[in-house]
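Colleague: next input, structure requested:
(chains A, B and C)
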Amino acid sequence: MTPHAYKAKQFLSNEPRADWHDQTLWLVRQKRDRMAAAVPEWENLRKQASLIKENVLSQLDVFLEQFETEAVKNGVTVLWAKDAAEFNRIILDIIQKHQAKNIVKSKSMLTEECGLNDFLHSRGIEVVDTDLGERIIQFRGETPSHIVLPAIHLKKEEIGETFHEKLGTEKGASDPTYLTRAARQHLREKFLAADMALTGVNFAVAETGSVVVCTNEGNADMGVHAAPVQVHCMGIEKIVPKQEHLGIFTRLLARNATGQAVTTYTSHYRKPKPGGAMYIVIVDNGRSEYLGNPKYMHSLKCIRCGGCMNTCPVYRRSGGHSYGYVIPGPIGSILAPQKNQRKYADLPFASSLCGSCSNVCPVEINIHEQLYDWRQDLTRQKRTSFVKRFSMKAAGFFLSGNARYNFVGQIARWAIRYLPHCLLYLPINAWGRERELPSAPKLSFKQWHGKRVKN
Amino acid sequence: METGKSKIGILQSIRKRKTLFPAFAGMTDCTFSDQSSPAELAEIFKKNLQAAGADIVELKTDAVEEYIASTLNVALDFRQPEIIAEYPADCPLSKLNKIEQAIVQGNFGVAENGAIWVEEKDIPHRIIPFITQHLILLLDARMLVATMQNAYQRICLNETGFGVFISGPSKTADIEQSLVYGAHGAKELTVLVNG
Amino acid sequence: MKKHKIGLFIPCYIDLFYPQVGIATLELLEKLGQEVEYPAKQTCCGQPLANSGSEKEAIATYRNFVRNFQDFDYIVTPSGSCAYHVRRHYDVLEQTDAVKKVRETTYELCEFLTDILQVDDLQIRFPHKVGVHNSCHGLRGLKLASASELVEQRYSKLRRLLEKAEGIEIVELDRNDECCGFGGTFSVFEPDLSAKMGKDRISDHERNGVEVITAADMSCLMHLEGIIRRQKKQIQVKHIAEILNSNSL
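Modeller: Numbering: from 1, shown residues only, chains lettered A, B, ... in the order given. Take a look at the predicted model:
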């Protein structure tokens, strides 16, 4: 069994809970559908967003330099990191330079990707995640199971238990409003004491040097405006060329992510606050390597809405942790092998290739086709199991010639007709664990047709 | 913090690979629904703002001040010079954290999602719309656009250090997807639409 | 109705396990006055290999397909998935005239009936509550119906054909086009997920009072039937070709 299949099996062993997870995310998908349907030009917006991003990728060096020039003019310090290690070190340098003690962070998948929290922790520096969902999983020592809804795998009773332990809420209390209030109070203290705020970036506008951050909770703004030092962390692909392009992306993002018309706050940071310092850290970490790759380049258009997770029938029933990569679900399964082919070789196979992800994607990434392409590449690189490759080679031999095909077909049909049940349904028969094999009628179509032609 | 070398490395890596595919033209045709009359826009705006969890009070322009004086008499009105002077950019957070109600001038609203554009020039400290428990935004009823695409044609990011679209009070659904207002920012948003 | 020379492609699992679906397809096309030939040396479209990552091993099977089917006006098959595979994934072959022609003229049965033959009413009777399972490759690959994710005009080629049947009641489902979890070798490499997805699909049909689940892909139905039989459920599966070929009025 592949790691994903194994973890999916574990996830499904508690079926009512798996059903709850599936249904909860399906409701988000339905909200998204209603929101999309209310915008008559929805499909055109997707097309435009995709074209803008393709344009960005084809001129990325130009736009990045323009962005830096503008940002520097605005009084921002722009730093570049080629990989995760350099990124982490840059953040550490900024912390040390400003002697920051109390650091707050709003959601940033990039910092997760680079393992920033652990890196700083090992140097005795604690970062407080301020997004409620992220704070919950941080308390529990877990990783996000979804990029937009990081604690979607948890029940409120479990969160209540965690808050009781960490925040002293009443034992057994699980009312979401009560728990949210407790977190509000706890995190407000953190904001007021913050001397440095880290955020992710949704969009970076080349022509103005601004970064745009979208949140519902207001945690990015609370941190950024409270702390004297603000640091915005972005992957190189976050660029949009012009301010007007934000109009397209902000129409798509929240609708597709959570089924809201827009996030509560769409914040545009351009200059440091009076007396404050502002940094933007631009991170490559393997992205540019896939730029010239016609098959996989389009994955860099992703705006991290999480829509493909909500729609994915596999993700909904296996949970984000089953993927074992920082970004789960369909998009994660095409990004992960870019980072490490050996480690994540099972992920492109953790899909039925239904294609719903590609239809949902607000920037028209052909996710399921890239999954298909990764399957070919990983098999060619011998990253998949020998048994699988060997059986496919054998199947290829038998399916490619009429006589061979008929011969094997006869055996299969004979086996199903005459072998005893216990032999047919040995544990090795993965199909048969929860399903009957099809029955094998006396004549195949080919045999029936042969007789018909003779008569 | 010398990252010049990395910058050159990243840009070289991009340049090396971008030659492998053609330059894409970018945006071609960007049509959007902007056919609504002002009255229709106002209705759509109201509906979407309420859906985002905000309260709306519609007032005649000359009734605004009276409404504020009678109903929002504890609110700090950040249009008033003396209030602005009292909360400067270097104002301690402990003082800002005590703000219960803040009145802030909104610039314009977006019908399709109920968002209102607020800029640095309208607030003496950037944190005010977030740190206050209850935010009151003033909006001229004529200042509405249909979509975010129209909105970005109206603003100029290059003229402000910080600007934000606000649609409703702060919210979260991180606990079992149950919607709770008042995560970290304002717990309530009231929009006074005048005119 | 114009008469076309049709090459009938019967996918491997239909040939071996569901010959009645092949027979229904053949009879239906003949009833509609088509000249149907079944090239006897056909095997498989190669999809099971390619979807498992072994496209390379499938090339010989692709070539066998092209050899068998290059001389027809149209190639018709009762499988959306196989038709999609030929059209979309035979791009790895050298694009000779024969390959190009085969890719362009391969049709799934329902789309052949609606788009090429422009069949309106097949004059059939099927007095049952029917749930339509939209198999993914037919739906999103061949666009046999509008997909729920897209903002587009709602349509369904399968429903258009079924709706005219006397006595039929087409049932609305809670999730109109969710994947059943078959997914080719996904069904054996992720057996628990695959089975769970199938069970959930069946529950949706049951909850809404469906008697017969139909689809343009027997592979999905084979998977669903396997679960139905294991769990000894009442609900049945029937390939759409069997319904469209049934009980002529």
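Colleague: so what's residue C:4 up against?
Modeller: With contact set as C-beta atoms under 8 Å, 6 or more residues apart in numbering or on different chains, residue C:4 has these partners: C:34-35, C:73-74, C:116. Where you see a C-beta, it was placed from the backbone N, CA and C, and this is true even at glycine.
Colleague: that one and chain A, how far apart?
Modeller: To chain A, residue C:4 is 19 Å away according to C-beta to the nearest C-beta, to the nearest Å.
Colleague: how about that residue, nearest residue that isn't a chain neighbour?
Modeller: Excluding its sequence neighbours, the residue lying closest to residue C:4 (C-beta to C-beta, 6 or more residues apart in numbering or on different chains) is residue C:73, at 4.3 Å.
Colleague: tell me the contacts of that neighbour?
Modeller: C:4-6, C:105.
Colleague: can you list the domains in the chain?
Modeller: Here I'm looking at chain A. Chain A breaks down into these domains under automatic domain parsing: A:39-285, A:403-454.
Colleague: actually chain B
Modeller: B:1-31, B:34-194.
Colleague: which of the ones you listed comes out lowest on mean pLDDT?
Modeller: Note on the domains of chain B: domain B:1-31 shows the lowest mean pLDDT, a mean of 78.
Colleague: do that domain and chain C meet at all?
Modeller: No: contact of domain B:1-31 with chain C (C-beta under 8 Å from any C-beta of the partner chain) is absent, the minimum separation being 14.2 Å.
Colleague: helix, strand or coil: sort out the residue positioned nearest the centre of chain A for me.
Modeller: Nearest to the mean C-alpha position of chain A, counting by C-alpha atoms, centre = their mean, stands residue A:327 at 3.5 Å. Using DSSP: H, G, I helix; E, B strand; the rest coil, the secondary structure recorded for residue A:327 is coil.
Colleague: you'd agree it is up against residue A:145?
Modeller: No: Residue A:327 lies out of contact with residue A:145 (C-beta atoms under 8 Å); the separation is 10.9 Å.
Colleague: hang on, residue C:50 is in a strand, isn't it?
Modeller: No: counting by three-state DSSP, one finds residue C:50 to be helix, located in no strand.
Colleague: contacts only, for it.
Modeller: A:372, A:376, C:58, C:85, C:89.
Colleague: how about the host helix or strand of residue B:57: buried residues?
Modeller: Counting by DSSP states H and E, the element that carries residue B:57 is strand B:55-59. Using 16 or more other C-beta atoms under 10 Å in any protein chain shown as the test for burial, strand B:55-59 gives B:56, B:59.
Colleague: now do stretch C:229-246
Modeller: Quick answer for stretch C:229-246 (16+ other C-beta under 10 Å): C:230, C:235, C:237-245.
Colleague: returning to what we had before: identify the residues contacting the strand holding residue B:57?
Modeller: Residues outside strand B:55-59 that contact it (C-beta under 8 Å, 6+ apart) are B:46, B:49-50, B:67, B:141, B:188-194.
Colleague: of those, buried ones?
Modeller: B:46, B:49, B:141, B:188-194.
Colleague: and which of these is nearest chain A?
Modeller: residue B:189 (8.8 Å; C-beta to the nearest C-beta).
Colleague: is that closest one in a helix, a strand, or coil?
Modeller: Reduced to three states by three-state DSSP, residue B:189 is strand.
Colleague: surely it meets residue B:135?
Modeller: Yes: shown here, residue B:189 and residue B:135 form a contact pair, counting by C-beta under 8 Å, at 5.1 Å.
Colleague: so what sits against both of the two?
Modeller: Common contacts of residue B:189 and residue B:135, defined by C-beta under 8 Å, 6+ apart, comprise B:166, B:169.
Colleague: pull the most distant pair out of the contacts of strand B:55-59.
Modeller: B:141 and B:188 (21.1 Å; C-beta to C-beta).
Colleague: isn't residue C:190 right up against residue A:346?
Modeller: No: in this structure, residue C:190 is not within contact of residue A:346 by C-beta under 8 Å, at 9.5 Å.
Colleague: between those two, which one's more packed in?
Modeller: Applying other C-beta atoms under 10 Å in any protein chain shown to residue C:190 and residue A:346 shows that residue C:190 carries more neighbours, namely 29 against 25.
Colleague: pull up the gap between the more buried one and chain B, please.
Modeller: From residue C:190 to chain B the distance is 26 Å (C-beta to the nearest C-beta).
Colleague: ok, back up a step: export the contacts of residue C:4 to TSV and tack on pLDDT?
Modeller: As requested, the contacts of residue C:4 are exported to TSV (pLDDT from 0 to 100):
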residue	pLDDT
C:34	97
C:35	98
C:73	98
C:74	98
C:116	97
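Colleague: neighbour-wise, which one of those residues leads?
Modeller: For the contacts of residue C:4, neighbours tallied by other C-beta under 10 Å; top is residue C:34, 23 neighbours.
Colleague: isn't that residue right up against residue C:7?
Modeller: No: using C-beta under 8 Å, residue C:34 is not in contact with residue C:7; the gap is 10.9 Å.
Colleague: so who does residue A:280 touch?
Modeller: Counting by C-beta under 8 Å, 6+ apart, residue A:280 has contacts A:71, A:76-79, A:201, A:204, A:211, A:231-234.
Colleague: count the residues that sit near residue A:442.
Modeller: 9.
Colleague: just say helix, strand or coil for it.
Modeller: coil.
Colleague: roughly how far apart are it and chain B?
Modeller: For residue A:442, the distance to chain B (C-beta to the nearest C-beta) stands at 53 Å.
Colleague: per-residue confidence for that residue?
Modeller: On pLDDT, residue A:442 comes in at 92.
Colleague: just residue A:345 next, same as before
Modeller: With respect to pLDDT, residue A:345 has a value of 96.
Colleague: got any ranges where chain C has weak pLDDT?
Modeller: C:248-249 (pLDDT under 70).
Colleague: which residue does it bring closest to chain B?
Modeller: residue C:151 (12.5 Å).
Colleague: what number of residues lie near the nearest residue to that residue once chain neighbours are set aside?
Modeller: Excluding the flanking residues, the one nearest residue C:151 by C-beta to C-beta, 6+ apart is residue A:42, at 4.1 Å. A count of neighbours around residue A:42, defined by other C-beta under 10 Å, yields 20.
Colleague: lowest-scoring secondary structure element of chain A by mean pLDDT?
Modeller: The weakest-scoring helix or strand in chain A, judged by mean pLDDT, DSSP states H and E, is helix A:421-424 (a mean of 88).
Colleague: if you count neighbours, what's buried in the helix or strand following that helix?
Modeller: Sequence order places helix A:445-454 as the next helix or strand after helix A:421-424, per DSSP H and E. Counting neighbours by 16+ other C-beta under 10 Å, one finds that the buried residues in helix A:445-454 are A:445-449.
Colleague: is stretch A:379-398 in proximity to chain C?
Modeller: Yes: using C-beta under 8 Å from any C-beta, stretch A:379-398 reaches chain C at A:379-380, A:384, A:388-389, A:392-393, A:395-397.
Colleague: show me the strands in chain A, by range?
Modeller: Assigned by DSSP state E, the strands in chain A fall at A:77-81, A:103-105, A:127-129, A:196-199, A:203-205, A:210-215, A:229-235, A:239-240, A:265-269, A:277-283.
Colleague: got CSV for the ones you listed, with mean pLDDT too?
Modeller: Listed next are the strands of chain A as CSV, based on pLDDT from 0 to 100:
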stretch, mean pLDDT
strand A:77-81, 98
strand A:103-105, 98
strand A:127-129, 98
strand A:196-199, 98
strand A:203-205, 98
strand A:210-215, 98
strand A:229-235, 98
strand A:239-240, 97
strand A:265-269, 98
strand A:277-283, 98
